[in-house]
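[1] Make a model of this:
(chains A, B, C and D)
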Number of protein chains: 4
Amino acid sequence: MKQHVTEPDGKLGVLLPGLGAVATTLIAGVEAIKKGLSQPIGSLTQMGNIRLGKPTDNNRPRIKDFIPLANLDDLVFGGWDVYSDNVYEAAVNAKVLEPGLLNAVRAELEAIVPMKAAFDKRYAKNLDGTHVKRADTLYELAQAVMDDIEQFKAKNNCSRLVMVWCGSTEIYFEESSVHASLAQFEEGLRNNDPAIAPSMIYAYAALKMGVPFANGAPNLTVDIPAMVELAYLTNTPIAGKDFKTGQTLMKTILAPGLNARALGVKGWFSTNILGNRDGLVLDDPDNFKTKEVSKLSVLDEIFQPDQNPELYSELYHKVRINYYPPHGDNKESWDNIDIFGWLGYEMQIKINFLCRDSILAAPLVLDLALFMDLSKRAGMSGIQEWLSFYFKSPQTAPELAPEHDIFKQLTKLENTLRYLMGEDLVSHLGLEYYEDLAQPV
Amino acid sequence: MKQHVTEPDGKLGVLLPGLGAVATTLIAGVEAIKKGLSQPIGSLTQMGNIRLGKPTDNNRPRIKDFIPLANLDDLVFGGWDVYSDNVYEAAVNAKVLEPGLLNAVRAELEAIVPMKAAFDKRYAKNLDGTHVKRADTLYELAQAVMDDIEQFKAKNNCSRLVMVWCGSTEIYFEESSVHASLAQFEEGLRNNDPAIAPSMIYAYAALKMGVPFANGAPNLTVDIPAMVELAYLTNTPIAGKDFKTGQTLMKTILAPGLNARALGVKGWFSTNILGNRDGLVLDDPDNFKTKEVSKLSVLDEIFQPDQNPELYSELYHKVRINYYPPHGDNKESWDNIDIFGWLGYEMQIKINFLCRDSILAAPLVLDLALFMDLSKRAGMSGIQEWLSFYFKSPQTAPELAPEHDIFKQLTKLENTLRYLMGEDLVSHLGLEYYEDLAQPV
Amino acid sequence: MKQHVTEPDGKLGVLLPGLGAVATTLIAGVEAIKKGLSQPIGSLTQMGNIRLGKPTDNNRPRIKDFIPLANLDDLVFGGWDVYSDNVYEAAVNAKVLEPGLLNAVRAELEAIVPMKAAFDKRYAKNLDGTHVKRADTLYELAQAVMDDIEQFKAKNNCSRLVMVWCGSTEIYFEESSVHASLAQFEEGLRNNDPAIAPSMIYAYAALKMGVPFANGAPNLTVDIPAMVELAYLTNTPIAGKDFKTGQTLMKTILAPGLNARALGVKGWFSTNILGNRDGLVLDDPDNFKTKEVSKLSVLDEIFQPDQNPELYSELYHKVRINYYPPHGDNKESWDNIDIFGWLGYEMQIKINFLCRDSILAAPLVLDLALFMDLSKRAGMSGIQEWLSFYFKSPQTAPELAPEHDIFKQLTKLENTLRYLMGEDLVSHLGLEYYEDLAQPV
Amino acid sequence: MKQHVTEPDGKLGVLLPGLGAVATTLIAGVEAIKKGLSQPIGSLTQMGNIRLGKPTDNNRPRIKDFIPLANLDDLVFGGWDVYSDNVYEAAVNAKVLEPGLLNAVRAELEAIVPMKAAFDKRYAKNLDGTHVKRADTLYELAQAVMDDIEQFKAKNNCSRLVMVWCGSTEIYFEESSVHASLAQFEEGLRNNDPAIAPSMIYAYAALKMGVPFANGAPNLTVDIPAMVELAYLTNTPIAGKDFKTGQTLMKTILAPGLNARALGVKGWFSTNILGNRDGLVLDDPDNFKTKEVSKLSVLDEIFQPDQNPELYSELYHKVRINYYPPHGDNKESWDNIDIFGWLGYEMQIKINFLCRDSILAAPLVLDLALFMDLSKRAGMSGIQEWLSFYFKSPQTAPELAPEHDIFKQLTKLENTLRYLMGEDLVSHLGLEYYEDLAQPV
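    Here you go, the predicted model:
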């Protein structure tokens, strides 16, 4: 049975805290695509197909033609940053896109000037923000962000808004009492509790106003009881955390494959080199810790070592990130995987991924903006686990383990879309095709 | 509703045409496992778990504990080869397993002496078979194989048999009229039609006697109408073709991941180095052609370039195999994959897999033997597409495209097992976990 | 004692048979360098230093400041090609250099229009030349090339000329009687002997006129007695063959290092993927054979397996080149090297070189043009073995084995320059620095 | 003119502080070689040849046959360790060599029991030594080591001794006043100066007794004025520091090759994974610092960025070592090298070296023991720079920069041997071979 989803009428404002390499690559790209200059490769909503019915039906529409999503022409972008560069300047500095492309959309990019950021240097020591809000309390800071949102919506005549965190990774810290409930959190805002990170200010402001919030960094942000409570209270979707790109993407592709074949894994060493602002921030051990915890979590859930101790109980998993300026945004990963097969014989897999950090992340921001808006219009509030596909550390209901296998994540995402549109779920059984064959020809 | 599956009582004879590296690695391994000296790593039937019910049920039994399969202790091995070495001698020559392990099962291996092979040098020019059957017609040759089977069964007191082709790749040729129907094929047997390959002699003999047949090489063998007809006529399961190990295994793991993310692929270059008998046979261009066709087919079905021309229509796919004696059975693959993402920006993935050919293949032979026997006991005859998981070129019903995505193959396999045992199929939807959360806490 | 070298007064004409990717990359580069837009990276003559005297003298001038070479401003380029595109058009098609750079030197490049080629399709089946000379005999063809040279020299007011073969690899063939002496060769020219390859026509024309000739392809060309005889007769330097770039460059760097440490080598597998015109030509097995022989020769001379049988007598060396259009001129090599050390324990080295074919070759053409002109002015005629540094298959005196170790080649080159300029040769002994230390302090 | 070198009569005692993986691999190997069970692959003294005279003389004797070195049969081993395991037990724990080989020399290895170590946990926090000497002052500790040496020599009836440090890397510290002169150092021994590291105790003891000392770790040890003074005072050779194996070996092979071709280098990222005791010690940042400084130094000397700023002034060089237990002693390195060529176009080289730490190091210990003994017998005392070939950070005369180019190091080593034996030094000029050719044939 088809669920009720309201139509995406009017403009959708996409608000991005952090107008760095990822955000500017997204915005420049969407503007270029609007002009017919390029294509949204890497975006499942725009380029992906979904199979409906039986395989022999040959019915595989584009996802954007199957379910009502906002049209790219209706997107309007805005954001905050600790530097005052407009999006054109920021994109030039990021050195991700070629000058030719940036010039073609220069006017559109120059028109987007960042709002002043809610920043706290304790959470990102390697950044020197100058374009920042001043306020006596965190509560007032959150109010200032809400004022920004209000003004952006009015000025750009938006019917709906979504927010996607594209800022840096914050330093590592664990959930504490101030995060335990909405009441305690709001008390903390008024008391300037140091355990409230800047990203939480944005998330609080968004959720308070019913604006869906997705978190692209490994920060806690909405992954605390206080925010979950607020999300359900205001009927607002939330999702996170940490965009799954590059090495972890490869890991959640490959690990299910090894597991499918019951191959054992003794060790997995992952190293990265990158030279962009993200690499600079992660060069600080406190910030790297946040990322490391996020990156390390994926293998255990896929391999289930407690259920397969002969195969996975001795797995030694190590992840390293190295700041390496010569590569700029061209992040590169190298993995060594020590596996073993029949009778314990050892084999090795080496993967060298010459990727581009922001090129891989930008279409995820687009998809999340569109799907979070869909969730809102479909009346789905709180944790959107069906979007686990996009995250290194998917946020889930408390009793559930996160699903990291990208193929199960995709099945979950697609079956959710099929469910919303009243289509049959797909099980890949297909025994019926062989019944007719069983008659002598 | 649970299907009827008879119990696996008595001994299961596993008949292997081709007692080379793969077969001897399987046999030595099973004997070692029976003695508690080693473990069947890489075998889904022995080491894999299957999730039943909801994720929160935490019900993930071993597959062998879930569905009635033959026990390893009940397996008896036999086979044919063009060399007269017993299995111990052949295993020593293959240089796959360490002397220590082979010595521990020496008596069991020495007891298995190959029956004389049905061989035709035109189909494998780089082999010099000496231990071969002589017969005036192919029909008599097939009769001789059937006599072998009969004697093996009686001598070893087997209640059931299965046959898995572990021989070399035959030269490339396409389906022709002699393969079009059982009547034409049997006529060809009597006329010594040169388009009947040795592997077809074994398959015909097996199917005629109701023995399930799985094909581990890329040869046509049972993938012709005549054999399908015979399989349904004698209620015998068939499956094939070409064990999916090493590079193609990696390819069908990785390609679905790239496709899931709507990343474009411009080029995929795959090269292999190996130095075993298989490498020697494939050094002949005619034999390589058979393997090449099998290896090249996988990407098109996964990427569906006609449905995603912007992403996959220009994909240049090249596969090479190089005979390289220094590596012996330690096959090594190197892949370079040219992908593109957001706005067409290019990236590269390089994969270097230091694998072991026979170590990866042996557990597939075991699983296929056990699952083919299961199919027979479950009354499933003809093409077993649910075993696509194990093959580079899965055999399917005529109207169906083969499924190459290993994760869909696994879902198909697992849901088939669930179906046979009357368990719910798994769709990964899981929206129900989030309904209760939607109450303010 | 310093040798007599005449000064490089006037213009030096650089004549290039084959105005494809390599030649156009060279010419565009030199024009850009003349304008101060870029730098001659990769050119030893322009960027390299040479140590003079003792290490503590700290005397390391640039080579171009040490020995009298033609200045880049005095170079004039010309050439022949089977296509009529001017150098700008050919450079655009080659897709090696960025449009921005090519536009900055567009006028200079458009002014260089290829002369009609002496072409023979039998020697390069995958090429379809249309811009070719017609002549009744090879002798007349050679005369036509000489006329071209004469006119080029006059028109461009050159005081000196050099020729460097930048054309494709010709098919494999071995030295035969027509190559055995100048008399037989000239007889063959008149008789249209099919064993006279097009490259020999150019070489004959050049040498006849006293123009130094260097051979960048693995073709025989000047590496036959007839040409050596002619070179000495006309006091003309010759050198070849096959520019040492990419994989073979790496091989002659790495192999001496392994040999220095007395490490054994069991196998060396080298594969290449490239998609330019050179790749297309080498996709024909006959042309690949020529290249393969050249590429395979280097290891034996470095490892001397007859002198070190325990280390190198079992070395299995295999080289493959694969045409792979997605990469264009961005040639990529992958090597797997199986080595063994102490007590025979095995280790592996894998090298993946993401190189650019023409970027690596262009500065070699420049250096060879300048050094061949130097040789001529220094009165050194015939085989210039001291330029082995630049070649995969260095041409040597009949009784000498070619030197492939790039470090010995460099020492030879540098000591030749020191010798010409009357400087002490360098032996790296340096025991004298430790004599004074032997006094108690 | 040939120098005077006394004959290597009698037994040579090889004393090794640190009986871990490297030392036990050496000892087990030499014992196996003595029995004819294996070969000293990787040892230049045993397997290497040296060219004498002209290339056409074809005179390339084995080094051991050219210059009088101690015979392997005359070597006797001893050493110290913080664990009391005998050499057989330690070799078993090190998991470098196969049980079969170790059993063949078990008796010889069990007979070698470590003497108690001079240990200081401050210098290696990750080690827990239990088998250690107790003494009130460092001076007494040094006396105890001298007593050990004396007893070893007498007991084993040695005519000569050498000492090679095979212990762990000590924490990083810089030269200070206590190291400035022998007088200050001996004062420090009596005062228990904390800047005197354990390795210095061994070195002091050795030099005091005239026993040559080579340092296989990156510790300062003999690379301080006090020790140089002592070495010349007692006419004792010293050499160091840090065995050049694995990644740095590759680096000093490859970097000279890039430099030879005037290719620019923008970045060099080097990472290592290893899981032996050395890896554990280096997992402590203070110990890693010592190793890092040693590993980082090699590129600057080879590239001379001040002389070639266009090519090397922006080189970003980063080295990482990661403790990764699954690999044990099978150290593996991965390097990414960002180079640029003609007109600044960028290229990349990736090197993956699957090596074995102790297998590469063991033959260096052997060569150093034999060459240090040669130096002593040739009357060469103090710093043996001609052995730079073996070290990551060669010790040199104060006014000299260390030579890191392995090919210049080899030339220096070979020319030193030629000098000692009165042979001509080799310059690779060879122009004479071409003079005769210049006569018309």
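
[2] Which residues of the stretch 251-400 of chain A lie near chain C?
    A:K350, A:N352 (Cβ under 8 Å from any Cβ of the partner chain). For glycine as for every other residue, the C-beta is placed from the backbone atoms N, C-alpha and C.

[3] Please enumerate the strands of the stretch 251-400 of chain A.
    In the stretch 251-400 of chain A, strands defined by DSSP state E, counting those that start in this stretch lie at A:264-274, A:316-323, A:332-340, A:346-354, A:382-383, listed in chain order.

[4] Give me whichever of the ones you listed is most buried.
    strand A:382-383 (a mean of 27; mean count of other Cβ atoms under 10 Å in any protein chain shown).

[5] I'd like the distance between the residue lying closest to A:I112 once chain neighbours are set aside and C:R377.
    Leaving aside its chain neighbours, A:I112 sits nearest to A:V87 (4.2 Å; criterion: Cβ to Cβ, 6 or more residues apart in numbering or on different chains). Here the criterion is Cβ to Cβ, to the nearest Å. By it, A:V87 lies 59 Å from C:R377.

[6] neighbour-wise, which of those two wins?
    A:V87 (29 against 19; other Cβ atoms under 10 Å in any protein chain shown).

[7] quick one: that one and A:L19 touch, right?
    Yes: if you go by Cβ atoms under 8 Å, A:V87 and A:L19 touch, sitting 6.0 Å apart.

[8] which residues are in contact with both of the two?
    A:I112, A:P114 (Cβ atoms under 8 Å, 6 or more residues apart in numbering or on different chains).

[9] Low-confidence stretches in chain A?
    A:1, A:429-430, A:433-441 (pLDDT under 70).

[10] Can you give me the domain assignment for it?
    Using automatic domain parsing, the domain parsing of chain A gives A:11-243+A:358-420, A:247-354.

[11] show me where the stretch 151-300 of chain A has helices.
    A:182-191, A:198-208, A:225-233, A:246-260, A:277-282, A:285-296, A:298-303 (DSSP state H, counting those that start in this stretch).

[12] among those, which is the most enclosed?
    Across those, the average number of neighbours (mean count of other Cβ under 10 Å) peaks for helix A:198-208, which reaches a mean of 27.

[13] In a strand, A:M146, correct?
    No: the assignment for A:M146 (DSSP: H, G, I helix; E, B strand; the rest coil) gives helix, which keeps it out of a strand.

[14] and the gap between it and A:Y204?
    9 Å.

[15] quick one, what contacts A:F119?
    A:V82, A:L127, A:G129, A:V132, A:K133, A:P198.

[16] how close does the last one get to chain B?
    The reference is to A:P198. From A:P198 across to chain B, the span is 25 Å (Cβ to the nearest Cβ, to the nearest Å).

[17] Now do the buried residues in stretch A:355-365.
    A:C355, A:R356, A:D357, A:S358, A:I359, A:L360, A:A361, A:A362, A:P363, A:L364, A:V365 (16 or more other Cβ atoms under 10 Å in any protein chain shown).

[18] Report the closest residue of the stretch 301-441 of chain A relative to chain C.
    A:N352 (7.2 Å; Cβ to the nearest Cβ).

[19] in the stretch 301-441 of chain A, which spans are helices?
    A:309-312, A:357-377, A:406-420.

[20] The longest one near chain B at all?
    Think helix A:357-377. Yes: Helix A:357-377 lies within reach of chain B by Cβ under 8 Å from any Cβ, at A:S358, A:I359, A:L360, A:A362, A:P363.

[21] how about those in JSON lines, adding distance to chain D?
    What follows is the residues of helix A:357-377 next to chain B, written out as JSON lines (distance: Cβ to the nearest Cβ, whole Å):
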{"residue": "A:S358", "distance to chain D": "19"}
{"residue": "A:I359", "distance to chain D": "18"}
{"residue": "A:L360", "distance to chain D": "19"}
{"residue": "A:A362", "distance to chain D": "23"}
{"residue": "A:P363", "distance to chain D": "26"}
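
[22] Arrange the buried residues of stretch A:355-365 in TSV, one row each, with distance to D:I321 as further columns.
    Listed next are those as TSV, based on distance: Cβ to Cβ, whole Å:
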residue	distance to D:I321
A:C355	25
A:R356	28
A:D357	25
A:S358	30
A:I359	31
A:L360	29
A:A361	30
A:A362	35
A:P363	36
A:L364	34
A:V365	36
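
[23] That concludes my questions; thank you for your assistance.
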